[in-house]
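Chemist: predicted model, plus sequence, below.
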Amino acid sequence: MFSNLIIYRIAQQWQGSLEQVEAALQKTPFMPCGATQEHAEGWIPPRGEEHGLLAESVGGQWILRFMSESKMLPASVLNRKVQEKADAIEKEFGRKPGKKEKRDLKDEAKLDLLPMAFTKQASMWVWIDPQAKFLVLDTGAQGKADEVVTLLVEGLKGFGVSLLDTQTSAQAAMANWLLTQEAPVGFSIDRECELKAADESKSVVRYGRHPLDIDEVKQHVEHGKLPTKLALTWDDRVSFLLTDNLQLKKIHFTDTVLDQAGDEGGFDTDVAIATGELAKLIPDLIEALGGEGRTEIG
């Protein structure tokens with residue numbers, strides 16, 4: 001269910017209910033793009049049932065699903081249409097369109113083409129842990145996360161969040177783990193990392209499917225290349241790629257976890273397993289990074 005994580009801390013004073021969340025989401029449901037609409041976004045039922053609830057609770061964990069849709073309009077196609085209109089003006093009136101007229105022609109061309117454009121949809125799982133006060137988004141794109149957070153903050157009274165902050169930065173911690181060749185308690189270092197130089201060269205060294213407990217890796221770190229990504233496994237249950245901005249990518253639940261689902265599967269089972277594991281992993285990761293920081297939550 002979750003392949004990437006951007007984690008937020010929810011303000012402790014927020015005590016919203018599932019019913020309040022549902023009411024807020026109902027104000028911005030997803031509606032597909034209209035004929036001349038470039039982009040649409042909103043909430044859809046996480047179970048995939050038509051007219052279903054927009055906020056589901058499984059084992060006390062709240063699950064939402066955000067959907068966005070965009071019209072695919074290649075620049076080359078749009079430019080060709082604009083040129084056709086410009087050529088028609090020149091042929092009819094014997095003059096070339098000016099800059100302002102060209103901008104107007106571009107708007108006209110876009111309106112002409114949008115009804116015929118293909119659409120692209122993308123959805124995002126959103127998880128609220130009301131007890132631990134975490135908001136977790138299944139995305140690796142901060143811009144997309146910002147869109148969702150803005151909707152929630154505007155829709156939910158008193159809902160304040162800030163990106164998860166720790167006393168030790170993820171980058172400093174990863175560098176130390178590679179230098180000492182020792183992972184934090186409960187974690188193991190896997191066979192993938194990316195190191196980037198902090199100087200003007202911005203040189204990058206990547207290791208994939210390669211042991212990292214070697215002198216070469218230590219030397220890169222000692223010479224100023226800092227880790228931007230490092231593969232870890234937590235408790236032999238969840239593997240992931242930790243980034244320097246404290247995101248989790250390429251999340252993979254090990255067979256030990258997946259075997260718990262048996263042959264049943266389904267929405268409730270998937271949510272229970274994913275949130276059950278990640279709700280334990282996140283506090284352990286925070287502890288490995290020295291505890292939470294002191295960023296004030298707005």
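Modeler: Cool, got the structure.
Chemist: surely R237 meets T254?
Modeler: Yes. Taking C-beta atoms under 8 Å as the definition, R237 is a contact partner of T254 at 5.5 Å. In short, each C-beta sits where N, CA and C put it, glycine included.
Chemist: do a quick rundown of the strands in the stretch 151-298 of the chain.
Modeler: 161-163, 187-197, 204-208, 225-234, 238-243, 248-253 (DSSP state E, counting those that start in this stretch).
Chemist: quick one: low-confidence parts of this protein?
Modeler: Applying pLDDT under 70 to the chain picks out residues 262-264, 294-298.
Chemist: which parts of it are helices?
Modeler: With DSSP state H as the criterion, the chain has helices at 18-25, 75-93, 99-113, 142-155, 170-180, 215-222, 255-258, 267-288.
Chemist: helices or strands next to the fifth one in the packing?
Modeler: Using 3 or more C-beta pairs under 8 Å, 6 or more residues apart in numbering; DSSP states H and E as the contact criterion, the secondary-structure elements in contact with helix 170-180 are strand 187-197, helix 215-222, strand 225-234, strand 238-243.
Chemist: between it and helix 267-288, how many degrees?
Modeler: Angle, helix 170-180 to helix 267-288, by axes from the mean of the first three to the mean of the last three C-alpha atoms, to 10 degrees: 70 degrees.
Chemist: tell me the contacts of the closest residue to Y207 other than its chain neighbours?
Modeler: Excluding its sequence neighbours, the residue lying closest to Y207 (C-beta to C-beta, 6 or more residues apart in numbering) is C193, at 5.2 Å. Counting by C-beta atoms under 8 Å, 6 or more residues apart in numbering, C193 touches M174, L178, R206, Y207, L212, V217, P227, K229, L230, A231.
Chemist: circling back to that earlier point, for D104, find the nearest of the helices and strands packed on helix 170-180.
Modeler: strand 238-243 (43.7 Å; C-beta to C-beta).
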